[in-house]
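Q: need a structure here:
(2 chains)
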Number of protein chains: 2
Amino acid sequence: MNAYANKSVLVTGGLGFIGSSLARALVRQGAAVTIADSLIPQYGGNPFNVQDIRDRVTVNICDVRDTSAMTHLIAGKDYLFNLAGQTSHLDSMADPQTDLDINAGAQLSILEACRKANSAIKIVFASTRQLYGRPDYLPVDEKHPVRPVDVNGINKLAGEWYHLLYNNVYGIQACALRLTNTYGPGMRVVDARQTFLGIWVRLMIEGKPIKVFGDGLQLRDFNYVDDCVQAMLLAGASPQANGKVFNLGSSEVIGLKDLAQLMIEIGQRRGLQARYELVAFPPERKVIDIGDYYSDFSLIRNAMGWQPGVDLRTGLDKTIDYYQAHHAHYWSD
Amino acid sequence: MNAYANKSVLVTGGLGFIGSSLARALVRQGAAVTIADSLIPQYGGNPFNVQDIRDRVTVNICDVRDTSAMTHLIAGKDYLFNLAGQTSHLDSMADPQTDLDINAGAQLSILEACRKANSAIKIVFASTRQLYGRPDYLPVDEKHPVRPVDVNGINKLAGEWYHLLYNNVYGIQACALRLTNTYGPGMRVVDARQTFLGIWVRLMIEGKPIKVFGDGLQLRDFNYVDDCVQAMLLAGASPQANGKVFNLGSSEVIGLKDLAQLMIEIGQRRGLQARYELVAFPPERKVIDIGDYYSDFSLIRNAMGWQPGVDLRTGLDKTIDYYQAHHAHYWSD
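A: So this is what the prediction gives:
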């Protein structure tokens, strides 16, 4: 039972962190994979992420804001995994219009292209737990009110809801996964635009102290990238997911200081001079900080049997191993 | 106690239905009023709406998407009543990108202009009950989940939330009113793009039957335009409104068939050949219909003492009187 064998699949953001891992999994399942990626330097795309499958995927460099290109790429596809986005919260505040154009405007034109030229396509949209804002209660389930605390959150919400609307009104099969913090090989590590864990890994490999903001007691949950990819594959293959939103998440909830400590143990075992320090919250981050967060992911577990398979210690070890071996492809000294 | 005497006030959408009534009220309170309006034919602007105050306001024809013009107009203003928008649900489905550009993109650039050039301004944003979608319960209060059923609702929500975000993050004083069905002199009557009551009034004056969709039992609440304007003036003058959302609404809840009957009584008393008929729901409207809706407006009543002062019979009579006298300025036979 393989939903993707011999299917045509488009992955937007496919040279990025999660997109490239997803493309790899799809190739393994026998799909004909096309990757669309803008390779905007501040975003997550990196050709090295697909170097091992480079001959088995079609890579098309284009921006999701390029309506004509996207219309062409969408035609004839069976599945669209729609992962391209602007992910930096700070960038969304500094340049809100670009965030709007990518996270809302381009999503609308992608959906319009599907409606006009390929209404049988199935879409999985990569959304984010950032939409919930500061939680009213924990763990956060899908019934929690949405209350974005930055421009990125508002625009991602619009992008997500367009998908559900096109499902409900036009019958374009679409569902959304609200990702929690995702980490693993291929994540952006040159800065914190995608995930703070990226910059932590880089600092550790460079022998510099990891910086933990505030008291380091903020709770978070994390998914290793392979688990996130597995959820996307399940959602794509599940007709009952259509029109719905599902949280991803993990039962392994951890404070940031403890996470730093765990990373340091792993790093030291790998011969790194690893340490961390607590630093004051930068004001521009404090104002959009959401306190503790972790997800209730029972909806997707009950609907599709998904749950995380990789624990933090294992996932972090694989991640650090990857960047020790390949860091030259992710940052220059 | 008059918050607006000798104050500089910008009203976007000021040649439109509610904007023109608001401009009139502000002029009466001694404000220096600048109106910005695009006069896009499909939207609500009509120069005749301000003919009685034409010499006492500054009219600037420009689109809210014109960032340069808006930046210039915002400079030095004490208040911004931000009413310009694309209001047609059907148009938002047919041309979602334009709806996004106006209802979200332009709002973001207006707020950026405030942040950069006039951070002391106070903004009142005209939002809509459409954001709630199909109600879970009635009357709908501000705690009701938002669940827009069309592109317009999603984009208006983004526009509203940008205002609250800029209040919370940057201290740009802003609040939003979620308007229910508003009616009265100056509303668009040439078609149903703004409110179905407009087209009802026109059909009645033309001697044609009013068309009530479905069984006519859908419940709604209505605000006469002067009551809506009064809420905006109160919200503009209330620092405690900043960062908040308030429903407008009415305790006079009525089914659409009964509303048609009431209009017909009023019309017949005014010598019109008034009648109505039930017609099947057009499919493109059925799919975005929200069933019964009426608001709980106790939040604004408790915070600012607002409540509707004009009952439906009085308001409809004034409205029909206005269009009997002035219809030549609103449609051509």
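
Q: can we go C-alpha only for contacts and neighbour counts from here?
A: Will do.

Q: Using CSV, list the CA coordinates for the longest helix seen in chain A.
A: Secondary structure assigned by DSSP state H gives helix A:151-170 as the longest helix of chain A. This file holds the C-alpha atoms of helix A:151-170, laid out as CSV (Å, rounded to 0.1, in the frame of the first residue of the first chain):
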residue,chain,number,x,y,z
VAL,A,151,2.9,39.5,11.2
ASN,A,152,4.2,36.0,10.1
GLY,A,153,1.6,34.3,12.2
ILE,A,154,-1.3,36.4,10.8
ASN,A,155,-0.1,35.7,7.2
LYS,A,156,0.5,32.0,7.8
LEU,A,157,-3.0,31.8,9.2
ALA,A,158,-4.5,33.4,6.1
GLY,A,159,-2.5,31.0,3.9
GLU,A,160,-3.7,28.0,5.9
TRP,A,161,-7.3,29.1,5.8
TYR,A,162,-7.3,29.7,2.1
HIS,A,163,-6.4,26.0,1.8
LEU,A,164,-9.3,24.9,3.9
LEU,A,165,-11.6,27.3,2.1
TYR,A,166,-10.7,26.0,-1.3
ASN,A,167,-11.3,22.5,0.1
ASN,A,168,-14.7,23.5,1.4
VAL,A,169,-15.9,25.7,-1.4
TYR,A,170,-14.3,24.2,-4.5
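
Q: does chain B sit close to it?
A: Yes: interface with chain B: helix A:151-170 contributes A:151, A:154-155, A:158, A:161-162, A:165, A:169 (Cα under 8 Å from any Cα of the partner chain).

Q: Please pick the buried ones from those.
A: The neighbour-count test (16 or more other Cα atoms under 10 Å in any protein chain shown) applied to the residues of helix A:151-170 next to chain B identifies A:151, A:154-155, A:158, A:161-162, A:165 as buried.

Q: For those, give me JSON lines that also has pLDDT.
A: Written out in JSON lines, the entries for those read as follows (pLDDT from 0 to 100):
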{"residue": "A:151", "pLDDT": "96"}
{"residue": "A:154", "pLDDT": "97"}
{"residue": "A:155", "pLDDT": "98"}
{"residue": "A:158", "pLDDT": "98"}
{"residue": "A:161", "pLDDT": "98"}
{"residue": "A:162", "pLDDT": "98"}
{"residue": "A:165", "pLDDT": "97"}
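
Q: Can I get the residues you listed in TSV including distance to residue B:248?
A: Putting those into TSV (distance: Cα to Cα, whole Å) gives the following:
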residue	distance to residue B:248
A:151	26
A:154	24
A:155	26
A:158	24
A:161	25
A:162	27
A:165	26
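
Q: Give me every residue in chain A lying close to chain B.
A: Applying Cα under 8 Å from any Cα, we find that chain A lies next to chain B at A:96-97, A:100, A:105, A:108-109, A:145, A:149-151, A:154-155, A:158, A:161-162, A:165, A:169, A:287-288.

Q: Helix or strand with the lowest mean pLDDT in chain A?
A: Within chain A, confidence by mean pLDDT, DSSP states H and E is lowest for helix A:283-286 among all helices and strands, at a mean of 79.

Q: what residues does that one touch?
A: Contacts with helix A:283-286, where a contact means Cα atoms under 8 Å, 6 or more residues apart in numbering or on different chains, come from residue A:90.

Q: next one: stretch A:325-333
A: Around stretch A:325-333, the neighbours that count as contacts under Cα under 8 Å, 6+ apart are A:46, A:48, A:188-190.

Q: how about the strands in the stretch 201-333 of chain A?
A: When secondary structure is read from DSSP state E, counting those that start in this stretch, the stretch 201-333 of chain A shows strands at A:210-213, A:219-220, A:222-224, A:245-247, A:254-255, A:276-279.

Q: quick one on the thing from earlier: most neighbours, which of the contacts of stretch A:325-333?
A: Looking at the contacts of stretch A:325-333 with neighbours defined as other Cα atoms under 10 Å in any protein chain shown, the largest count falls to residue A:188 at 27 neighbours.

Q: now that residue: how far from chain B?
A: Between residue A:188 and chain B the distance, using Cα to the nearest Cα, to the nearest Å, works out to 27 Å.

Q: And for residue A:208?
A: As defined by Cα to the nearest Cα, residue A:208 lies at a distance of 32 Å from chain B.

Q: what sits against that residue?
A: Here residue A:208 is in contact with A:273-275 (criterion: Cα under 8 Å, 6+ apart).

Q: Likewise for residue A:224?
A: Shown in contact with residue A:224 (Cα under 8 Å, 6+ apart): A:182-184, A:308, A:310-312, A:315.

Q: Name all residues that make contact with residue A:244.
A: A:164, A:174-176.

Q: And the furthest pair within the residues you listed?
A: The two members of the contacts of residue A:244 with the most space between them (Cα to Cα) are A:164 and A:176, at 7.8 Å.

Q: what sits in contact with each of the two?
A: Once Cα under 8 Å, 6+ apart is applied, the residues that residue A:164 and residue A:176 both contact turn out to be A:243-244.

Q: Compute the first-to-last residue distance for stretch A:192-201.
A: Between the opening and closing residues of stretch A:192-201 there is a gap of 11 Å (Cα to Cα, to the nearest Å).

Q: Quick one: mean pLDDT over it.
A: Looking at stretch A:192-201 alone, the average pLDDT works out to 91.

Q: Next: stretch A:42-56.
A: Averaged across stretch A:42-56, the pLDDT comes to 96.

Q: May I see the buried residues of it?
A: Neighbour count says stretch A:42-56 has A:43-46, A:48-50, A:56 buried, by 16+ other Cα under 10 Å.

Q: What of stretch A:241-254?
A: A:241-251, A:253-254.

Q: about what we covered before: for the residues of helix A:151-170 next to chain B, give me CSV that also has distance to residue B:131.
A: Supplementary listing: those in CSV, determined by distance: Cα to Cα, whole Å:
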residue, distance to residue B:131
A:151, 18
A:154, 14
A:155, 15
A:158, 12
A:161, 12
A:162, 14
A:165, 13
A:169, 16
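
Q: Scan the contacts of residue A:224 and report the most crowded one.
A: In terms of neighbours by other Cα under 10 Å, those top out with residue A:183 at 25 neighbours.

Q: list the contacts for that one?
A: Contact analysis of residue A:183 by Cα under 8 Å, 6+ apart lists A:195, A:197-198, A:222-225, A:319.

Q: what are the bridge partners for it, then?
A: The partner list for residue A:183 in beta bridges (DSSP bridges) reads residue A:224.

Q: pLDDT at it, what is it?
A: pLDDT, residue A:183: 98.

Q: pLDDT weak spots in the stretch 51-200 of chain A?
A: For the stretch 51-200 of chain A, not a single residue meets the criterion pLDDT under 70.

Q: one more time with 90
A: Low-confidence segments of the stretch 51-200 of chain A, defined by pLDDT under 90: A:89, A:190-195.

Q: Understood, closing this out.
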